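# would you be able to build a 3D model of this:
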Amino acid sequence: MKQQIYHSIEIGLHSKCNLHCPLCTRSKKFFLDNKDHRKFNNELDFEDLKNAILTIKPQELKLVGAICEPTMYYKFIELLEFCKEQNISIWLSTNGSYGSEKFWERVTQAIPKNSVLNFDIDHTQKQLYRKSNTEKIIRNIKIVQKGINPEDSIRIEALRIEFNWNKDDEKNLEELTKDLGIGLYKIPCYDYNPNEFKEDISFWDHPKKLYYQKINKLKILNTKEINCEALT
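As a prediction, the model looks like this:
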């Protein structure tokens with residue numbers, strides 16, 4: 001039987017994070033009320049992870065951190081190096097606020113060809129809710145820019161989840177990305193149920209919420225791409 005070839009798979013490495021985002025699964029009642037929630041902090045064993053990747057043999061590995069910051073994985077650099085050896089590109093979404101300058105220099109050396117690095121920048125001036133460090137994010141972007149080989153076709157982008165509260169910063173973000181010479185990847189606020197969360201998150205409402213609720217109900221059945229909520 002011929003093995004199914006997958007273009008892209010998404011893997012949740014763990015569920016640890018250095019930020020606290022109101023809409024994250026980690027802020028939902030079922031997570032916070034679970035007495036055994038600490039078990040979600042378990043990390044995937046690196047050897048098991050490598051074996052799984054070798055079995056599936058994807059062309060791209062997505063590390064988007066549904067409930068985690070991927071760069072906090074205990075073998076993150078080694079994972080990048082492994083994927084580089086296997087000619088597997090990486091799609092990384094990171095809050096960019098974790099890791100030292102040395103860490104990001106190592107990321108630069110280990111990242112495979114044809115990879116994408118998305119650095120989340122919710123606001124260039126104020127960090128009201130996530131408490132990420134914009135200056136540190138910009139510093140880390142510049143480290144990666146300086147260290148990557150232009151011939152490796154590695155794309156760097158600023159990622160912005162669009163909410164009502166950061167609409168005032170749209171022009172600033174566009175100017176920042178232009179100054180940095182990187183792309184801009186904007187996505188809408190995803191659908192959510194306010195009753196599932198412990199705190200008031202009404203300020204996250206998106207003007208197109210009803211439209212995206214309809215979009216989320218569509219099911220794409222014919223695909224070779226595996227995406228998930230990345231629960232481990």
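# quick one: pLDDT of the nearest residue to Arg155 once chain neighbours are set aside?
Counting by CB to CB, 6 or more residues apart in numbering, Arg155 lies nearest to Val116, which is 4.8 Å off, once chain neighbours are set aside. From N, CA and C alone the C-beta is placed, and that goes for glycine too. Per-residue confidence (pLDDT) for Val116: 96.
# show me the contacts for Val116.
Residues in contact with Val116, defined by CB atoms under 8 Å, 6 or more residues apart in numbering, are Ser89, Ile90, Trp91, Leu92, Ile154, Arg155, Ile156, Glu157.
# looking at the first one now. What's its pLDDT?
If you check Ser89, the pLDDT there is 97.
# shouldn't it be in contact with Cys83?
Yes: with contact defined as CB atoms under 8 Å, Ser89 counts as touching Cys83 (7.5 Å).
# returning to that earlier point: what's across from the residue nearest to Arg155 in the sheet?
Beta bridges link Val116 to Trp91, Arg155, judged by DSSP bridges.
# which residues are in contact with both of Ser89 and Cys83?
Listed as contacting both Ser89 and Cys83 by CB under 8 Å, 6+ apart are Leu61, Pro112.
# which residues in the chain form strands?
Under the criterion DSSP state E, the chain carries strands at the ranges 8-10, 60-63, 89-94, 116-120, 155-162, 183-188, 225-226.
# and those strands as TSV, adding distance to Ala110?
Supplementary listing: the strands of the chain in TSV, determined by distance: least, CB to CB, whole Å:
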stretch	distance to Ala110
strand 8-10	19
strand 60-63	13
strand 89-94	9
strand 116-120	12
strand 155-162	15
strand 183-188	21
strand 225-226	24
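# so which of those strands is nearest Leu44?
With CB to CB as the measure, strand 60-63 is the member of the strands of the chain nearest Leu44 (11.4 Å).
# pLDDT (mean, whole number) over the closest one?
Per-residue pLDDT over strand 60-63 has a mean of 96.
# try stretch 162-176
88.
# please save the CA atoms from it in CSV.
C-alpha atoms of stretch 162-176 as CSV (Å, rounded to 0.1, in the frame of the first residue of the first chain):
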residue,chain,number,x,y,z
GLU,A,162,-7.2,41.8,14.3
PHE,A,163,-9.4,43.0,17.2
ASN,A,164,-11.3,46.2,17.9
TRP,A,165,-8.8,47.2,20.5
ASN,A,166,-5.8,47.3,18.1
LYS,A,167,-7.5,48.9,15.1
ASP,A,168,-5.9,52.2,15.9
ASP,A,169,-2.4,50.7,15.4
GLU,A,170,-2.9,49.4,11.9
LYS,A,171,-0.9,52.2,10.2
ASN,A,172,1.9,52.0,12.8
LEU,A,173,2.3,48.2,12.2
GLU,A,174,2.4,48.7,8.4
GLU,A,175,5.1,51.3,8.8
LEU,A,176,7.1,49.1,11.2
